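In: model the structure of this input:
(one chain, ligands or ions: 1)
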Amino acid sequence: MKEQETTFQERIDRGEIIEPRDWMPEKYRNTNIRQIAQHAHSEIVGMLPEGNWITRAPSLRRKVALLAKVQDEAGHGLYLYSAAETLGISRDELVEQLHAGKAKYSSIFNYPTLSWADIGAIGWLVDGAAIVNQVMLTRTSYGPYARAMVRICKEESFHQRQGYEIMLTLCRGTEVQKQMAQDALNRWWWPSLMMFGPPDAQSTHTEQSMKWRIKRKTNDELRQYFVDMTVPQAEVLGITIPDLELKWNEETKHYDFGEIDWDEFWQVVKGNGPCNKQRLNARVTAWENGAWVREAAVAHAEKLAKKELAEAV
Ligand code: 3HC
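Out: Next up is the predicted model:
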């Protein structure tokens with residue numbers, strides 16, 4: 001085994017892409033299953049906060065854009081479940097783990113969407129943060145995951161742009177609309193920074209994931225990149241990021257920012273966020289209500305397979 005692990009690490013160090021049929025350490029397989037599953041669950045659960053506003057969108061144009069975005073997220077989830085299946089786990093197992101509370105999804109989706117401005121803030125900040133993370137993952141060492149990311153990133157840029165446009169429209173609107181945008185920024189800023197995971201020093205997986213090139217940047221590196229990119233965007237909007245310690249550091253050429261509330265983060269990850277129970281119940285109900293569609297699709301596929309077999313004989 002030792003020799004195989006050495007050869008595997010040499011392949012990773014040469015920048016080679018690992019494919020499903022290649023030999024890989026069980027731990028490499030399992031951490032990819034864990035991360036890809038968490039990513040897929042995040043996409044599917046992430047449909048819920050925004051889905052809440054499809055019938056409330058302020059215009060047909062906004063409704064169409066939001067519908068397209070939420071449908072995209074469903075597709076992203078399916079690409080990622082397919083990528084996870086190449087590692088030998090079934091979609092049913094993945095879904096069971098989510099429904100049993102044994103699998104994680106991004107904590108950000110456990111916050112409520114209280115106004116239309118939240119839809120703008122999610123597109124701008126949450127999809128903006130997801131893009132920073134996902135562009136990095138287009139170079140992850142596991143082939144099916146990296147390739148899923150290429151397609152997903154193309155669609156995410158539309159998501160981020162439509163969100164930012166919503167914020168721009170509100171900030172150039174009435175005083176009440178601008179205040180709504182400011183209120184959304186106040187509530188979504190810090191949970192968006194938490195999307196990149198705990199600080200590197202507290203991260204269980206980052207060191208090994210960097211060695212295996214599952215991650216190409218650490219949690220803190222991506223978080224810093226996101227802050228540096230987003231602060232000027234808030235300045236264009238004319239709204240204030242809720243962090244009194246946010247300040248440009250001429251020496252490091254980065255923004256210094258305040259301490260993230262990691263107690264809040266771990267509370268939400270552990271299931272004690274504002275919407276955790278609601279999100280999981282919604283997913284279980286949707287899965288149960290959709291059982292007949294899955295059964296019909298399987299019955300149809302079996303009928304087709306029988307017909308093809310009969311014709312081949
Ligand atoms: N929410 C929930 N759990 C989180 C988390 C978060 N934001 N950040 C970290 N965690 C969990 C990890 O899953 C891990 O728990 P586990 O061992 O039980 O899985 C623990 O906290 C320790 O964190 P680590 O930093 O050691 O974990 P990772 O190495 O997995 O790094 C990550 C965390 C950077 C989120 C990484 O898992 C990752 O890149 N995941 C895929 C990308 C992703 O999930 N993006 C966000 C959601 S997709 C999205 O936003 C959709 C968009 O269209 C809106």
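
In: going by C-alpha atoms from here, please, whenever you check contacts or count neighbours.
Out: Noted.

In: which SSE is Lys307 in?
Out: Per DSSP states H and E: Lys307 is located in helix 291-312.

In: and the contacts of that helix?
Out: Residues outside helix 291-312 that contact it (C-alpha atoms under 8 Å, 6 or more residues apart in numbering): none.

In: quick one: distance of that helix to the chain centre.
Out: 34 Å (C-alpha atoms, centre = their mean, to the nearest Å).

In: ditto for stretch 4-12
Out: Centre to centre, stretch against its chain (C-alpha atoms, centre = their mean), the figure for stretch 4-12 is 29 Å.

In: ok, and what's touching it?
Out: With contact meaning C-alpha under 8 Å, 6+ apart, stretch 4-12 is reached by Ile17, Ile18, Trp23, Met24, Pro25, Ser141, Trp212, Arg213.

In: in the helix holding Lys307, what counts as buried?
Out: Using 16 or more other C-alpha atoms under 10 Å as the test for burial, helix 291-312 gives no buried residues.

In: C-terminal to the biggest helix by length in the chain, what's the next element?
Out: Ranked by residue count under DSSP state H, the longest helix found in the chain is helix 143-171. Using DSSP H and E, the helix or strand that follows helix 143-171 in sequence is helix 175-194.

In: next, the buried residues of that next one.
Out: Residues of helix 175-194 classed as buried by neighbour count (16+ other C-alpha under 10 Å): 177-194.

In: restrict these to contacts with the ligand.
Out: Filtering the buried residues of helix 175-194 for neighbours of the ligand using C-alpha under 6 Å from any ligand atom leaves Met194.

In: what about Leu125, which SS state?
Out: helix (DSSP: H, G, I helix; E, B strand; the rest coil).

In: quick one: pLDDT of the residue nearest to it when sequence neighbours are not counted?
Out: Once flanking residues are discounted, Leu125 sits nearest to Ser192: 6.3 Å by C-alpha to C-alpha, 6 or more residues apart in numbering. At Ser192, the model reports a pLDDT of 98.

In: for Val313, same thing?
Out: At Val313, the pLDDT value in this model is 83.

In: just Lys2 next, same as before
Out: pLDDT, Lys2: 87.

In: what comes up buried for stretch 112-120?
Out: In stretch 112-120, counting by 16+ other C-alpha under 10 Å, buried: Pro112, Thr113, Trp116, Ala117, Asp118, Ile119, Gly120.

In: can you add distance to Ile239, pLDDT and secondary structure and give the residues you listed back as JSON lines?
Out: Below are the buried residues of stretch 112-120 laid out as JSON lines (distance: C-alpha to C-alpha, whole Å; pLDDT from 0 to 100; DSSP: H, G, I helix; E, B strand; the rest coil):
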{"residue": "Pro112", "distance to Ile239": "21", "pLDDT": "98", "secondary structure": "coil"}
{"residue": "Thr113", "distance to Ile239": "19", "pLDDT": "98", "secondary structure": "coil"}
{"residue": "Trp116", "distance to Ile239": "16", "pLDDT": "98", "secondary structure": "helix"}
{"residue": "Ala117", "distance to Ile239": "13", "pLDDT": "98", "secondary structure": "helix"}
{"residue": "Asp118", "distance to Ile239": "14", "pLDDT": "98", "secondary structure": "helix"}
{"residue": "Ile119", "distance to Ile239": "16", "pLDDT": "98", "secondary structure": "helix"}
{"residue": "Gly120", "distance to Ile239": "13", "pLDDT": "98", "secondary structure": "helix"}
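
In: out of those, which comes closest to the ligand?
Out: Ile119 (11.0 Å; C-alpha to the nearest ligand atom).

In: surely that closest one and Leu125 touch.
Out: No - with contacts counted by C-alpha atoms under 8 Å, Ile119 stays clear of Leu125, the gap being 9.9 Å.

In: give the contact list for Glu85.
Out: Neighbouring residues of Glu85 by C-alpha under 8 Å, 6+ apart: Arg91.

In: show me which residues of the stretch 1-150 of the chain sit near the ligand.
Out: Checking the stretch 1-150 of the chain against the ligand by C-alpha under 6 Å from any ligand atom, the hits are 34-35, 38-39, 42-43, 73, 104-107, 126-127, 130.

In: from those, list the buried ones, please.
Out: 35, 38-39, 42-43, 73, 104-107, 126-127, 130.

In: so where is the stretch 1-150 of the chain shaky, pLDDT-wise?
Out: Applying pLDDT under 70 to the stretch 1-150 of the chain flags residues 1.

In: change it to 90
Out: Low-confidence segments of the stretch 1-150 of the chain (pLDDT under 90): 1-2.

In: just the helices from it, written as ranges.
Out: All helices of the stretch 1-150 of the chain, identified by DSSP state H, counting those that start in this stretch, fall at 2-13, 26-45, 47-51, 60-85, 91-99, 116-121, 127-137, 143-171.
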